[in-house]
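Asks: okay, here's the prediction I keep looking at, along with the sequence it came from:
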Amino acid sequence: MKISSYRLFAALLTGLCALAIAARAQTNAPTAWIDPDTGHRVIQLSRQPGSESLYFNLNPFTPDGRKMVITTPDGIATVNLQTRQIEPVVKGRVHVLMVGRKTGQVYYYRFTGNPFAPRNHVIYATDLNTKATREVATLPPGENAVTVNSDETLLAGTITDIRGLTNRPAFRFDSNLTPLQQRQRKGGMLLRRFNQHLPMELFFLNLKTGEVRKFDRCTDWLNHLQFSPTDPHLLLFCHEGPWQDVDRIWTIRSDGTDLGLVHKRTMVMEIAGHEFWSADGRTVWYDLQTPRGEDFWVAGYNVRTGARTWYHLRRDEWSVHFNVSPDGKLFCGDGGDDRMVAHATNGKWIYLFQPERVPDTTGTNADETGLIRPGVFHAERLVNMARHDYALEPNAMFSPDMKWVIFRSNMSGASQVYAVQMKRAGSG
């Protein structure tokens, strides 16, 4: 009996060691290679397993374009995009808002208080070079600042009436769940939150005077706040929830004026979302489906002129997130798997898109004011993401010099930050 038990223990130990070696081998995969399916060069920018780039619409780059902020299991770090040197900046578990477009400081927040009850929300800013850190604001439970304006004079966020929710435990990620279970749990949480109809409002906090201004009080779920990258007083936000049930995308100015809907649904099951700014602040771009899961567009709305442009793309080219290059001439996408809204049969790629307008061949002088300008995307595959689990969204974005598309992936085991060269290797 003892010998049998010993053999069982030895076999179990051997198996565990083999799994550990395999896991380590996955994590220690090559850090630079030519993708055999696309011919594009891919490099791993991060080194610590569990590192991630920021969400697709959060600015991670310093104003000079030389450094990029990433998160690591230890906190916040920067990657020098010229030398690829990694430098720790902030230690501890924090939540990054963005890198300031004027000073290049990284804004982030920590929670203080009981983790099983609503907590204070403390916002900090850290200089990426000197590491000097200052406290920007402390917000009480229910208040949540999520974006900094272009000249770093305002914070914007939401205030939620959480009375009656005080003793409810906060949502926590459960590492014991499978990726599919995590998706299902997240979907259920989002639907429950949408159906709560808690009173909410937007707020703007003046960082010089401390003045707080509140607008748009409602019982809709307000989310996804993004200041314009160029206009310090223009805010993009959404009415969150199941996309087919909401007119999602809105803008408002910091004095409460010009509250406006960017896209009005016109058919059953039409969806629009994952909105983001162009670098010049003139256009709001977003994922549009007419209807959901059937016909796919990347749509743009010019906030100055009201002009609309829709670029069509194929089912397999649909992406969880899209992004636009700094010069506005190219787009990228991070693909998606067959369990997502497009149900793509071969959609697990990082894409580069060349937009092309459909030419106006009418030859008339008809008034086209207010009409949509159609176009198409011509797609090029940059990275094969077949080994990537899309429970982790890649969040592709362009580097400031427009030579690379940066994304995060777990293709080699633990998540890391990668970049793929837009120009095909050997093409000069």
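Replies: That came through fine.

Asks: ramachandran angles for residue 346?
Replies: Backbone geometry at residue 346, expressed as degrees, to the nearest 10, gives phi -150, psi 60.

Asks: so what's it up against?
Replies: residue 316 (CB atoms under 8 Å, 6 or more residues apart in numbering). Every residue, glycine included, has its C-beta placed from N, CA and C.

Asks: residue 359 now?
Replies: Here residue 359 is in contact with no residues (criterion: CB under 8 Å, 6+ apart).

Asks: going forward, begin numbering at 732 instead of 1
Replies: In the new count, where the first residue is 732, that last one comes out as residue 1090.

Asks: quick check: it vs residue 1107, distance?
Replies: Note on residue 1090: its distance to residue 1107, by CB to CB, to the nearest Å, is 11 Å.

Asks: and if you look at residue 785?
Replies: For residue 785 relative to residue 1107 (CB to CB), the value is 30 Å.

Asks: so if I had to pick from these two, which one is more boxed in?
Replies: Neighbour count, other CB atoms under 10 Å: between residue 785 and residue 1107, residue 785 has more, with 22 against 17.

Asks: tell me the confidence at the spatially closest residue to the more buried one that is not a sequence neighbour?
Replies: Spatial nearest neighbour of residue 785, excluding adjacent residues (CB to CB, 6 or more residues apart in numbering): residue 791 at 4.5 Å. Looking at residue 791, its pLDDT reads 98.

Asks: the longest strand in this structure is where?
Replies: Using DSSP state E to define each element, the chain has its longest strand at strand 1103-1115.

Asks: on the three-state scheme, residue 1047 is what?
Replies: helix (DSSP: H, G, I helix; E, B strand; the rest coil).

Asks: contacts only, for it.
Replies: 1073, 1075-1078.

Asks: ditto for residue 1109
Replies: Going by CB under 8 Å, 6+ apart, residue 1109 touches 1084-1087.

Asks: switch the cut-off to 10 Å
Replies: 1042, 1044, 1048, 1083-1087 (CB atoms under 10 Å, 6 or more residues apart in numbering).

Asks: per-residue pLDDT of it, please?
Replies: 98.

Asks: please apply the same query to residue 960.
Replies: For residue 960, pLDDT reads 98.

Asks: do residue 1100 as well
Replies: For residue 1100, pLDDT reads 84.

Asks: and for residue 1096?
Replies: 77.

Asks: could you export stretch 1014-1021 as PDB, CA atoms only?
Replies: Extracted in PDB, the C-alpha atoms of stretch 1014-1021 (Å, rounded to 0.1, in the frame of the first residue of the first chain):
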ATOM      1  CA  THR A1014     -14.100  62.600 -36.000                       C
ATOM      2  CA  VAL A1015     -15.700  60.000 -33.700                       C
ATOM      3  CA  TRP A1016     -15.300  56.500 -35.100                       C
ATOM      4  CA  TYR A1017     -17.200  53.500 -34.000                       C
ATOM      5  CA  ASP A1018     -18.200  49.900 -34.800                       C
ATOM      6  CA  LEU A1019     -21.600  49.800 -36.600                       C
ATOM      7  CA  GLN A1020     -23.600  46.700 -37.500                       C
ATOM      8  CA  THR A1021     -26.800  46.900 -39.600                       C
END
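
Asks: in the longest strand of the chain, what counts as buried?
Replies: 1106-1108, 1110-1115 (16 or more other CB atoms under 10 Å).

Asks: what lines up beside it in the sheet?
Replies: Paired neighbours of strand 1103-1115 in the sheet (DSSP bridges): strand 1039-1044 (parallel), strand 1080-1088 (antiparallel).

Asks: among the ones you listed, which is nearest residue 778?
Replies: Taking CB to CB, strand 1080-1088 is the member of these nearest to residue 778, at 20.6 Å.

Asks: on the C-terminal side of the strand or helix carrying residue 1003, identify the next helix or strand.
Replies: Assigned by DSSP states H and E, residue 1003 belongs to strand 1002-1008. Counting by DSSP H and E, the element after strand 1002-1008 in chain order, helix or strand, is strand 1014-1020.

Asks: that following strand vs strand 1002-1008, what angle?
Replies: 150 degrees (axes from the mean of the first three to the mean of the last three CA atoms, to 10 degrees).

Asks: from the contact counts, what lies against strand 1014-1020?
Replies: strand 965-971, strand 980-984, strand 1002-1008, strand 1027-1033, strand 1039-1044, strand 1053-1055 (3 or more CB pairs under 10 Å, 6 or more residues apart in numbering; DSSP states H and E).
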